[in-house]
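# next input, structure requested:
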Amino acid sequence: MSAVEHTSHGLGHGAGAPPHRRGIFTRPGFVRAAWCFALFFLIGLYLVAGIRWFAGWDPVYDWNIIVLVGGLVMGPVGFLLGLGAFDYWLYYLSGRPTLAEDHSNHGAYTWKDYFKVNTDHKVIGMQYLVTTFVFFILGGLMAMLFRAELAQPGMQFMDTQTYNGLVSVHAALMIFVFMVPVFAGLANFAVPLMLGAPDMAFPRLNALSYWFLPIAGTMFLCSFLAPGGAFATGWTSYAPLASQQPFGQIFFNMGVQWAGASSILTALNFLVTIITMRAPGMTFWRMPLLVWANFTTSMLAVVATPFIAGSQFFVMFDRVLHTSFFIPKGGGYVLGYQHIFWFYSHPAVYIMILPGFGIISEIISVMSRKPIFGYRLMAISLLGILVLGFSVWAHHLFVAGMADWLRVPMMISTLLIAVPTGVKIFSWLATLWEGRIHLNTPMLFALGFISTFVIGGLSGVYLASVPIDIHASDTYFVVAHIHYVLFGGSVMTVFAGVYYWFPKMTGRMYNERLGKLHFWITFVSFNVTFFPMHWVGLVGMPRRVADYSQRFADLNLVISIASFVLGASILIFLYNVVTSWARGPIAEANPWRAMTLEWQVSSPPPVFNFDEIPQVVGGPYEYGVPGARHAILSGGTTPVEAGA
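Numbers count the residues shown, from 1 in each chain. The predicted structure follows:
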């Protein structure tokens, strides 16, 4: 029996200060956020000026420091305060009675509820998805601009610094405010439902984590307005080059801090939720693989993310405080930056792909109507990637002057991590074998993911080998590899997940014909764009350059044209999503006949997820097993027929 949609805002439980009406300038919202941002910017300005005046430093008004402290630290804190992200905690810390919980900020009853601090995990998931796709589109537009420049040799539309800025901001947007957090959006919506939980463990912290994200993305974009232009050191931002860049570099340093803080807080929330809020009967070996994937991803994020935060703080200190962490003439250790950066950033590759593995596992099992082959080994392989992910970072330093004795161990560990990934590929193929396959849009993207990710994985095996890496390093072969892993891998799984859970999120069905058209245009144009880069890289075309030899002209023209087709394919996706959300056919509660708990409630789900606590009695993928069921609701009945 499906849970029934709630018709009121909630139960109003909990003693506290009675709510009272406030004016537009004092109640939480964007108006209060605007003047709080301005106020806190002024506080930062006079704090900097006061310290510099007291210390006798000239000039008193150093605008580089003022923008850093006032605009990139204090101002965003004021913005969050104005939105109301800290209201409950500030009442508590001040000793005043906390605000009564009337659940008025929980759940979406109108479109306006998506534009405020909301504690409903489903609303937060939608906020993540929409925000990350906005940054995805902006990053894609930047890619189209520099691909237009690369369509022919010579400089056509921009100078080299502008080109480097576009490439750098494109990469930063795609990695820090799309690829990492978009999976948090899908998981925010699905994981508590899959667990049989009413919400995340810390709903207010969940809301705060989301609002860090638009702050980070806005900082990356605002770097274009800084004197000298945007940061132009790539998403790796290597020192000491980063310490000598124009002022826009600071926007990258601080944007990474805000995005990293969002990632850490979200990961902690997922860990506590998964460990403590599972429904009765849901042991770890009965959890869906998407939950397993987010469990391991969250552990990766909690351990690794502080390292990139530290690396960016050190670079910023070298610039602002005149330290010498990575400045050679001051005794700094240049390679130290790369070790710290990649100790986060290679595990970050798994942060950007492990949730996708979970999505693909859900879709392939449901759409082939078969249990996942080797479920326990699939979960263990996720843990294997978690452990081995911290032992491979130095393969990024094979040509950087690292110690020779470290090369071979790092090569071996990098090759070894292909084993648990290979386990997943063969498990998915075995699940498909003799299944009753339904080739709808989510399944097409899942199958497309397997083919493109295998190509990315195989090119990674080549780059793990020291002699091949020495030849291919800093060429377009590396560009092809990372895009086959992160677009052919991660982005394909994101599209698969959005189409799969779209009926559950919106209560509407998408247009299947447009979905399939979107897949085929994306799949073909992606391969035409990036596969030739393997060849041009191996024959000598370096990456991160705005001009190139005439002998690469023809293929670059083909690549640029295909990239524009790839960019245009997103328009089909957007049109399908918007029109289907507005007036698509009403979705059933369980259109895919899936067994996991999120499909056992109405579409969209009730505000508090379940009217009764589910009782988990079996595994989540027992398709084709007569009488098998994952969970029982309403006294022993379940809407799922496992053998269907």
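
# which strands and helices sit next to whatever helix or strand Ser168 lives in?
Using DSSP states H and E, Ser168 maps to helix 160-174. The helices and strands touching helix 160-174, judged by 3 or more Cβ pairs under 8 Å, 6 or more residues apart in numbering; DSSP states H and E, are helix 121-149, helix 203-222, helix 248-276. Any C-beta I mention is one placed from the backbone N, CA and C, and that applies to glycine too.

# for Met282, find the nearest of the ones you listed.
With Cβ to Cβ as the measure, helix 248-276 is the member of the helices and strands packed on helix 160-174 nearest Met282 (9.9 Å).

# after that closest one comes which helix or strand?
Counting by DSSP H and E, what follows helix 248-276 is helix 289-320.

# for the helix or strand harbouring Ile632, name the packing helices and strands.
Per DSSP H and E, Ile632 falls inside strand 631-632. With contacts taken as 3+ Cβ pairs under 8 Å, 6+ apart, strand 631-632 sits against strand 615-616.

# listing partners with orientation, what would you give for the strand it packs on?
As defined by DSSP bridges, the strand partners of strand 615-616 come to strand 631-632 (antiparallel).

# which residues touch the partner strand?
With contact meaning Cβ atoms under 8 Å, 6 or more residues apart in numbering, strand 631-632 is reached by Gly196, Ala279, Gly281, Leu597, Gln600, Pro614, Gln615, Val616, Val617, Gly618, Thr638.

# equivalent analysis for stretch 611-621, please.
Contacts for stretch 611-621 (Cβ under 8 Å, 6+ apart): 3-4, 194, 196, 278-282, 285-288, 365, 370-372, 375, 595-597, 600, 628-634.

# buried only: go through those for me.
Among the contacts of stretch 611-621, those that count as buried by neighbour count (16 or more other Cβ atoms under 10 Å) are 3, 194, 196, 278-279, 282, 286-288, 365, 370-372, 375, 595-597, 600, 628-633.

# low pLDDT regions in the stretch 1-150 of the chain?
1-21, 102 (pLDDT under 70).

# list the contacts of stretch 218-236.
Against stretch 218-236 from outside (Cβ under 8 Å, 6+ apart): 72, 138, 161-162, 164-169, 171-173, 175-177, 237, 241-242, 245-252, 254-255, 258, 341, 345, 544.

# tell me where the chain is predicted with low confidence.
In the chain, residues with pLDDT under 70: 1-21, 102, 634-644.

# ok so, going back, adding distance to Thr233, write the contacts of strand 631-632 out as JSON lines.
Shown next, in JSON lines, are the contacts of strand 631-632 (distance: Cβ to Cβ, whole Å):
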{"residue": "Gly196", "distance to Thr233": "46"}
{"residue": "Ala279", "distance to Thr233": "47"}
{"residue": "Gly281", "distance to Thr233": "51"}
{"residue": "Leu597", "distance to Thr233": "45"}
{"residue": "Gln600", "distance to Thr233": "49"}
{"residue": "Pro614", "distance to Thr233": "50"}
{"residue": "Gln615", "distance to Thr233": "54"}
{"residue": "Val616", "distance to Thr233": "49"}
{"residue": "Val617", "distance to Thr233": "54"}
{"residue": "Gly618", "distance to Thr233": "52"}
{"residue": "Thr638", "distance to Thr233": "55"}
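
# now do the helices in the stretch 401-550 of the chain.
Ranges of helices within the stretch 401-550 of the chain are 404-416, 418-432, 441-464, 466-472, 476-485, 492-506, 512-538, based on DSSP state H, counting those that start in this stretch.

# same thing with the stretch 1-150 of the chain?
Assigned by DSSP H, counting those that start in this stretch, the stretch 1-150 of the chain shows helices spanning 30-55, 63-66, 75-83, 87-93, 121-149.

# now render those as TSV, adding mean neighbour count.
Shown next, in TSV, are those (neighbours: other Cβ atoms under 10 Å):
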stretch	mean neighbour count
helix 30-55	16
helix 63-66	17
helix 75-83	22
helix 87-93	14
helix 121-149	20
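
# quick one: closest of the ones you listed to Val387.
Shortest separation from Val387 across the helices of the stretch 1-150 of the chain is recorded for helix 121-149, at 27.8 Å, computed as Cβ to Cβ.

# so which elements touch the closest one?
By 3+ Cβ pairs under 8 Å, 6+ apart, helix 121-149 packs against helix 160-174, helix 180-195, helix 203-222, helix 492-506, helix 553-583.

# how near is the nearest residue to Leu80 once chain neighbours are set aside to Arg204?
Sequence neighbours aside, Trp211 is the residue nearest to Leu80 in space, at 5.9 Å (criterion: Cβ to Cβ, 6 or more residues apart in numbering). Remark: distance between Trp211 and Arg204 (Cβ to Cβ, to the nearest Å) = 11 Å.

# what sits in contact with each of these two?
In contact with both Trp211 and Arg204: Ala85, using Cβ under 8 Å, 6+ apart.

# neighbour-wise, which of those two wins?
Taking other Cβ atoms under 10 Å, Trp211 and Arg204 do not tie; Trp211 has more neighbours (22 against 16).

# spit out the contact partners of the closest residue in space to Ala33 that isn't next to it in sequence.
Nearest residue to Ala33, sequence neighbours excluded (Cβ to Cβ, 6+ apart): Gly82, at 3.2 Å. Neighbouring residues of Gly82 by Cβ under 8 Å, 6+ apart: Pro28, Gly29, Phe30, Val31, Arg32, Ala33, Ala34, Trp35, Cys36, Phe37.

# try 7 Å this time
Gly82 makes contacts with Arg32, Ala33, Ala34, Trp35, Cys36, Phe37, as judged by Cβ atoms under 7 Å, 6 or more residues apart in numbering.
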